[in-house]
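Colleague: Give me a 3D structure for the following:
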Amino acid sequence: KTLEKIYFTFVRPLLEYADVIWDNMSISLNKKIENVQLEASRIVTGGTRLVSLNNLYMETGWEKLKDRREKHKLVQFYKMTKNLTPHYISCLVPQAFANIHDYNTRNASALPVVRTRTSLYYNSFIPSSVRLWNLQPDNIRLSPSIQALKYSLKSNISSKPFYYYTGSRLGQILHSRLRMQCSSLNQHLYRKNIVDSPNCICGLTESTTHYLFHCPRYTAQRQMYINSINVPINVTTEILLFGSPKVAPNQNVELFLAVQTFVIRSK
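Modeller: Now for the predicted structure:
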């Protein structure tokens with residue numbers, strides 16, 4: 001959690017300073033700046049280079065920088081449409097179709113697309129923001145305030161459960177690697193062509209489920225930590241990795257601590 005706060009406070013603001021202006025950068029530059037966030041997310045979670053980027057974003061609950069820039073552009077453009085910016089900026093907003101003609105069309109509240117001749121201008125702030133604005137539903141475009149707009153833009157973001165921050169740093173790393181399928185289990189390594197076989201020493205596929213529930217090498221540790229978990233639902237691999245909304249928050253914390261202790265003690 002501390003590493004995440006450091007990134008949010010000291011690093012990400014630098015990656016987003018005046019980003020509504022330079023969002024028209026090339027694909028290669030966009031990938032370079034996104035790689036900074038990806039590296040930060042690996043540091044925060046303890047993920048390895050083997051981790052899937054989709055799994056990494058699911059683990060952190062962070063938005064891609066490109067998506068955040070689009071939301072920043074919508075907020076800035078909303079301010080311009082409501083004259084909350086200096087006049088020399090607000091006057092750049094094209095008039096809506098409803099102010100241009102008297103026809104009651106379905107896109108009366110939309111804005112005419114800015115005509116461009118070059119890709120550089122096409123991707124610049126005003127033309128791209130107009131296109132982005134027209135794609136938004138009415139609850140976004142007709143937001144009564146900045147706060148309401150920001151709330152609507154955040155409505156599709158799922159926050160990470162607080163119990164993901166449970167346990168020691170080592171326990172959190174090992175647990176998250178199991179969730180992201182980038183651990184040292186042979187099945188995870190085999191998928192990345194690092195080992196020749198996905199099988200465990202005992203002969204069965206060394207999957208997460210096999211490790212947590214069945215492998216005879218860890219029977220003593222399993223009996224002590226995994227089998228002693230007391231929750232009012234059937235314990236599955238998914239529950240051991242991600243927790244469950246069906247149990248109390250303190251039970252999820254105890255569950256995570258038990259799994260992490262099992263992973264550490266089983267080495």
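Colleague: ok, residue 54 - how many residues close by?
Modeller: 9 (other C-beta atoms under 10 Å). (Glycine included, C-beta is placed from N, CA and C.)
Colleague: separation between it and residue 64?
Modeller: Per C-beta to C-beta, to the nearest Å, residue 54 is found 11 Å from residue 64.
Colleague: Give me the residue ranges of the chain where confidence is low.
Modeller: Where the chain drops to pLDDT under 70, the residues are 97-109.
Colleague: Break down it into its strands, ranges please.
Modeller: Read by DSSP state E, the chain holds no strands at all.
Colleague: does residue 41 really touch residue 47, like I thought?
Modeller: Yes - checked against C-beta atoms under 8 Å, the pair residue 41 and residue 47 is within contact range at 7.0 Å.
Colleague: Now do the shared contacts for those two.
Modeller: 56, 59 (C-beta atoms under 8 Å, 6 or more residues apart in numbering).
Colleague: what about the residue lying closest to residue 153 once chain neighbours are set aside, neighbour count?
Modeller: Of all residues not flanking residue 153 in the chain, residue 71 sits nearest, at 4.9 Å (C-beta to C-beta, 6 or more residues apart in numbering). Using other C-beta under 10 Å, residue 71 has 17 neighbouring residues.
Colleague: Then residue 83?
Modeller: Counted with other C-beta under 10 Å, residues neighbouring residue 83 total 12.
Colleague: do you know how far it is from residue 89?
Modeller: 10 Å.
Colleague: And for residue 57?
Modeller: Distance from residue 57 to residue 89, by C-beta to C-beta: 33 Å.
Colleague: same question, residue 199
Modeller: Per C-beta to C-beta, residue 199 is found 64 Å from residue 89.
Colleague: same check, this time on residue 127
Modeller: Going from residue 127 to residue 89 by C-beta to C-beta gives 15 Å.
Colleague: out of those two, which sits in the more crowded spot?
Modeller: Neighbours per residue (other C-beta under 10 Å) separate residue 127 from residue 89, with residue 127 holding more: 17 against 14.
Colleague: nearest residue to that one other than its sequence neighbours?
Modeller: residue 114 (4.1 Å).
Colleague: right, and that neighbour touches residue 129 too?
Modeller: No - at 9.2 Å, residue 114 does not count as touching residue 129 under the criterion of C-beta under 8 Å.
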